[in-house]
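K.L.:
have a look at this prediction, sequence included:
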Amino acid sequence: MSNDVKEKEENKVLKFAKVIGEYLMMFAIALCIAFGLKLAFEPTVVSGISMEPTLQNGDRMLLNTFKEVENGDIIVFNWTERNSVLIKRAVAVAGDHIQINEDGVFLNGKLLEENYTNSEPTIASEPIDIVVPEGKIFAMGDNRMHSLDSRADVGLVDETDVLGVRMIQIWEGDDE
């Protein structure tokens, strides 16, 4: 075999190896992007009526798993006492003063305008007047008469139990 033929063969092998390397690199990048998206965004399905009228049973939404919880955010969290997952609205976060009485829900001394709830008044078995401690969240369902939440049963939510904050609703469920 002449040197020219050997050189051509070697060039073909090198070109083939380069193409394979580029495909492997693209695959690795796509895999990293997919894995990163899976970590950052988590799909979830609403189960129950505690978030009506905002969310309906069967609605599907995408959670942002990295967003810091702020007042008004809809959060999904583990309720470890009952080994279940709940969806509620973060009404107060660490350092906030929350009061609930016959006059309504007050956050840091101001009456909350809660246009997202149904028309029923917010009640608690006893008046609530607390400052939310560090690492905790006070959360309530929008359907206040039909919600297990921070007012009694669930108590304050640990920030470490939060699975994510609602980013977008991706599918409306049906109430069947």
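P.N.:
Done, it's in. Predicted model, so just to flag it, every value in this text is computed and none were measured.
K.L.:
show me where this structure dips below the pLDDT cut-off.
P.N.:
Low-confidence segments of the chain (pLDDT under 70): 1, 5, 34-40, 119, 173-176.
K.L.:
change it to 50
P.N.:
Low-confidence segments of the chain (pLDDT under 50): 175-176.
K.L.:
got a list of contacts for stretch 68-77?
P.N.:
Outside stretch 68-77, the residues within contact range by Cβ atoms under 8 Å, 6 or more residues apart in numbering are 44, 51, 54-55, 61, 63, 67, 85-93, 96, 107, 137, 139, 157-159, 161-166. Every C-beta, even on glycine, is put in place using the N, C-alpha and C of the backbone.
K.L.:
how about 6 Å then?
P.N.:
Contacts of stretch 68-77 with the rest of the structure, by Cβ atoms under 6 Å, 6 or more residues apart in numbering, involve 44, 63, 86-87, 89-90, 93, 137, 157, 161-166.
K.L.:
quick check: the farthest pair among the residues you listed?
P.N.:
Taking Cβ to Cβ as the measure, those span a maximum distance of 20.8 Å, between 44 and 93.
K.L.:
have a look at the two and say which one is more surrounded.
P.N.:
Each of residue 44 and residue 93 has its neighbours counted (other Cβ atoms under 10 Å); residue 93 has more, 23 against 17.
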